[in-house]
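Asker: Model the structure of this input:
(2 chains)
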Amino acid sequence: MQIALFTIFGLLAVAGALNLLLQRHPINSALSLVVVMMSLAVLYWSLGAEFLAAAQVIVYSGAIMVLFVFVIMLLNAGAEEHTRGSRVAAIVGFPGAAAIFCLLSFVFLSERHRLGTTRLGDSVTGVGSNISEISHTLFTSLLLPFEVTSILILVAILGAVVLARKEL
Amino acid sequence: MVPIAYYLVLAAVLFCIGVAAFLFKRNIITIFMSIELMLNAVNLTFVAFAHQWHQINGQIFVFFVMVVAAAEAAVGLAIIIALFRVRQTLNVDQVNLLKN
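Answerer: Reported below is the predicted structural model:
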């Protein structure tokens, strides 16, 4: 059951990522990135991270991608043209990315037996639900970083407002 | 029963597609989206390792990455809007004042 779930949504994520790479128009790339994020949410859920699956759908494919689509529409972005710079990047970049992938997958697959397996419906630490575990850690031992992120978001809001003003 | 290594290989695939898109794309918004794709791939490895070690801290790290990615998207897209107002283009090859 879980291997079927993993295969379907893993292939969907890879197909969406490849579509992001191959599409010329940014709106098509943005919508294929939404597909990637939704399938990653399913994979998070299959790894016992229910809170993160919900947050992925709400924050990433909800808020962030809506912002991207909004900006693409606002700036009326058309299809991109390929230039000399992108040909150089293709010659250097694709072998480089393939080399990174070969190295990473070699390491992961050679350590496969030590890494173990997953079971569907397995909670991470085995005590209580996922949300209560996360919130307990977040509001006790990691309270200061949590408050610092709220300041970060406040600064980001102010920065976005200042940067996107009419007269800079 | 899926080996953790398969999740990690999937994350490596997504990360490398993100790297390739970052280098290959010329539209600044698409480049920004490929950064988001790389962040998502790294998040998947965090969740997979959190599952393997039975530690909740990996998931909390993903939560913080999401928060930072949201802030980064807001500021980055505001910068792109400001850039478009000045240069009237989204092509990164034409935004090269620092080069010469």
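
Asker: quick one, helices of chain B?
Answerer: Under the criterion DSSP state H, helices of chain B are mapped to B:4-24, B:28-53, B:57-87.

Asker: cool, and chain A?
Answerer: Ranges of helices within chain A are A:2-22, A:26-46, A:50-55, A:65-75, A:84-110, A:112-115, A:130-140, A:143-163, based on DSSP H.

Asker: Could you single out the most deeply buried of those?
Answerer: Of all these, helix A:26-46 has the most neighbours on average by mean count of other Cβ atoms under 10 Å in any protein chain shown, namely a mean of 22. C-betas here are computed from N, CA, C, even on glycine.

Asker: circling back to that earlier point, now the helices of chain B in a markdown table, with mean neighbour count?
Answerer: Shown next, in a markdown table, are these (neighbours: other Cβ atoms under 10 Å in any protein chain shown):
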| stretch | mean neighbour count |
| --- | --- |
| helix B:4-24 | 23 |
| helix B:28-53 | 22 |
| helix B:57-87 | 19 |
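
Asker: Now tabulate those helices in JSON lines and tack on distance to A:A160.
Answerer: Formatted as JSON lines, the helices of chain B follow (distance: least, Cβ to Cβ, whole Å):
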{"stretch": "helix B:4-24", "distance to A:A160": "22"}
{"stretch": "helix B:28-53", "distance to A:A160": "14"}
{"stretch": "helix B:57-87", "distance to A:A160": "4"}
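
Asker: want to throw those helices into TSV with distance to chain A and mean pLDDT?
Answerer: Shown next, in TSV, are these (distance: least, Cβ to the nearest Cβ, whole Å; pLDDT from 0 to 100):
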stretch	distance to chain A	mean pLDDT
helix B:4-24	3	92
helix B:28-53	5	93
helix B:57-87	4	92
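
Asker: looking at those helices, which is closest to A:F146?
Answerer: Each of these has some distance to A:F146 by Cβ to Cβ; the shortest is helix B:57-87, at 8.5 Å.

Asker: these two touch, right, A:G93 and B:G18?
Answerer: No: shown here, A:G93 and B:G18 do not form a contact pair, counting by Cβ atoms under 8 Å, at 11.4 Å.

Asker: ok, the nearest residue to A:E50 once chain neighbours are set aside to B:M66 distance?
Answerer: Excluding its sequence neighbours, the residue lying closest to A:E50 (Cβ to Cβ, 6 or more residues apart in numbering or on different chains) is A:N130, at 4.7 Å. For A:N130, the distance to B:M66 equals 15 Å [Cβ to Cβ, to the nearest Å].

Asker: now B:T89: how far from chain A?
Answerer: 10 Å (Cβ to the nearest Cβ, to the nearest Å).

Asker: count of neighbours near that residue?
Answerer: By other Cβ atoms under 10 Å in any protein chain shown, 14 other residues sit near B:T89.

Asker: residues touching it, list them.
Answerer: The contact partners of B:T89, by Cβ atoms under 8 Å, 6 or more residues apart in numbering or on different chains, come to B:V95.

Asker: same question, A:Q56
Answerer: Neighbouring residues of A:Q56 by Cβ under 8 Å, 6+ apart: A:M37, A:L40, A:A41, A:Y44, B:M66.

Asker: redo that, cut-off 10 Å
Answerer: A:37-38, A:40-45, A:49, A:62, B:40, B:43, B:47, B:62, B:66 (Cβ atoms under 10 Å, 6 or more residues apart in numbering or on different chains).

Asker: A:E147: which of these is nearest?
Answerer: Among the contacts of A:Q56, and counting by Cβ to Cβ, the member closest to A:E147 is B:M66, at 16.7 Å.

Asker: B:D93 versus that closest one, what's the distance?
Answerer: Going from B:M66 to B:D93 by Cβ to Cβ gives 32 Å.

Asker: For A:S141, see how far away the residue nearest to A:P145 when sequence neighbours are not counted is.
Answerer: Excluding the flanking residues, the one nearest A:P145 by Cβ to Cβ, 6+ apart is B:F64, at 6.9 Å. Applying Cβ to Cβ, the value for B:F64 to A:S141 is 14 Å.
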